[in-house]
Each structure stands twice: as C-alpha cells, then as structure tokens.
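Chemist: Sequence below, structure please.
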Amino acid sequence: MKVSVILGHPYKGSFNAAIAYIVTETLESNGHTVMFHDLYNEKFNPSIPPKELVCDVSDDELVTLHQREIREADGIIIIHPNWWGQPPAILKGWIDRVLRENVAYTFPVGDNGGGLPIGLLKAKAGIVFNTSNTPEIRENEIFGDPLQRIWKDCIFDFCGVAVFDRRMFRVVANSSAEQRADWFKEVKSVINKYFPANRVYNNEK
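Modeler: Numbering: from 1, shown residues only. Alright, predicted model coming up:
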C-alpha cells in the first residue's frame, strides 16, 4: 500500500521527528510505499493565495504534489505537537491548501457547499500521533481535547476516511528514556495493526 506520512514539527531532534522515523521505518519494513513529507524541512508554504482560494487550482508545484499523493494514499499518518489545542500553523496551512474541494471531498450536483460533503479520499485509515505537555485530566476537563474533534470529525470523516486512530504522548517534557521507549513501541504497534506486513488490511479497531 501507499501511505502518506506528514510531519509538522520544526525541530529535527524532536520527539515528533523520532516518531516519524519509527513510522516510516516500520511501514517500509512491512513492505509499504511511504510518501514522507517533513513540512518544515521542505519549506511548505501554508499561506493560501487569493487566486488559489477561489479557483481550487494551485500554481505551487509542491502543493500539487501533495494533492496527487493524498489522492493515491491508501493510508494517511499525521505527526505533530499540540500547540494551543491545534496543529502548528504550517500543518493547518497544509490542510487548507491540500485537502481542497474536488481533491479530498466534493458536494452533490447543485449543492453550493451547505449540504453534506462526499469524501473522496480512498485512504483506508487515518492515524494521528500527537505530543503534549498538558496533563490528560486538564486536557479533557478544561479544554475538551479539541485535536480529537479536529482530526476525527472535521477532517478525516469529512474527507471519507472512516477508520481513525489517534495516540497522544504526554507529558513529554517530564518523560524518561524508559517512557519514551514504551511510546516508540506503541507507535510501532499501531502501525503494525493498521498496516501489517503481507496481509490484507485490517480495519478492526
């Protein structure tokens, strides 16, 4: 299978980058084709030009590459930190510019966009790995875990990806080497569950 892996973290030595390495290594070991993008490293421009906004066609070759790959992807994996309950700005811009109408979703004929969308992505699963320095109780009770709603309901379900899994690793700032090693094992386990080696895709949660 072709799997799109998107990393949204500016620091190459980050825990997010380490997660991305484990993800790509496991996918490749399982025989899958990995389409990996480090958004900061490739200097992805998150700002959508006015012309692109109104016509749904981009003159940016990198954007069109991402759009082509996301159409082809049998799986999508996103890796990013929790910043203010949201993805980093560069990743939000990636969503704005790549997951466009007629790329990731459409509407029935005659619908001006106010009705129910029709998801176009063929990906069999959407997986998100997040890191945070906010304790779980505070995240859930005070903030309501907005990243879960953003990725599961507002993005993947909207674009037709029904199978979703998300793992949050916290508190990273206080984590030990042993804790991080356990998190790496969890990342590998998730990848093996949804994108196993030489087996038919498993959509059981």
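Chemist: Y105: neighbour count?
Modeler: Neighbours of Y105 under the rule other CB atoms under 10 Å: 17. Quick note: C-beta positions are derived from backbone N, CA and C, even for glycine.
Chemist: residues in contact with it?
Modeler: Neighbouring residues of Y105 by CB atoms under 8 Å, 6 or more residues apart in numbering: L99, P117, I118, G119, L120, L121, F158, C159, G160.
Chemist: tally of neighbours for K12?
Modeler: Neighbourhood size, K12 [other CB under 10 Å]: 12.
Chemist: Once you drop chain neighbours, what's closest to it?
Modeler: N41 (7.4 Å; CB to CB, 6 or more residues apart in numbering).
Chemist: In the contacts of Y105, find the pair that's most separated.
Modeler: Within the contacts of Y105, L99 and I118 form the most distant pair, 13.7 Å apart (CB to CB).
Chemist: Comparing those two, which residue is more hemmed in?
Modeler: Neighbour totals were compared for L99 and I118, and L99 leads with 19 against 13 (other CB under 10 Å).
Chemist: Tell me the spatial nearest neighbour of H37, not counting adjacent residues.
Modeler: Ranked by CB to CB, 6+ apart and with sequence neighbours excluded, the top spatial neighbour of H37 is I6, at 5.5 Å.
Chemist: Doesn't the one you found lie inside a helix?
Modeler: No: judged by DSSP: H, G, I helix; E, B strand; the rest coil, I6 forms no part of a helix; its state is strand.
Chemist: Can you tell me the element F36 falls in?
Modeler: Taking DSSP states H and E as the criterion, F36 maps to strand 33-38.
Chemist: Buried residues of that strand, list them for me.
Modeler: Residues V34, M35, F36, H37, D38 are the ones in strand 33-38 that count as buried (16 or more other CB atoms under 10 Å).
Chemist: For P10, state which of these is nearest.
Modeler: So of those, ranked by how close each gets to P10 (CB to CB), first place is D38, at 9.5 Å.
Chemist: Excluding covalently adjacent residues, which one is nearest to the closest one?
Modeler: Nearest residue to D38, sequence neighbours excluded (CB to CB, 6+ apart): L7, at 4.7 Å.
Chemist: and that neighbour, how many residues sit next to it?
Modeler: A total of 27 residues lie near L7 under the criterion other CB under 10 Å.
Chemist: ok, it touching H80?
Modeler: Yes: counting by CB atoms under 8 Å, L7 does reach H80; the two are 7.4 Å apart.
Chemist: Now for those two: what residues contact both?
Modeler: By CB under 8 Å, 6+ apart, L7 and H80 have these common neighbours: N16.
Chemist: if we can go back for a sec, so what's the residue nearest to D38 bridging to?
Modeler: D38, I79 (DSSP bridges).
Chemist: Quick one: residues contacting it.
Modeler: Neighbours of L7 in contact, by CB under 8 Å, 6+ apart: N16, A17, A20, F36, H37, D38, L39, Y40, I79, H80.
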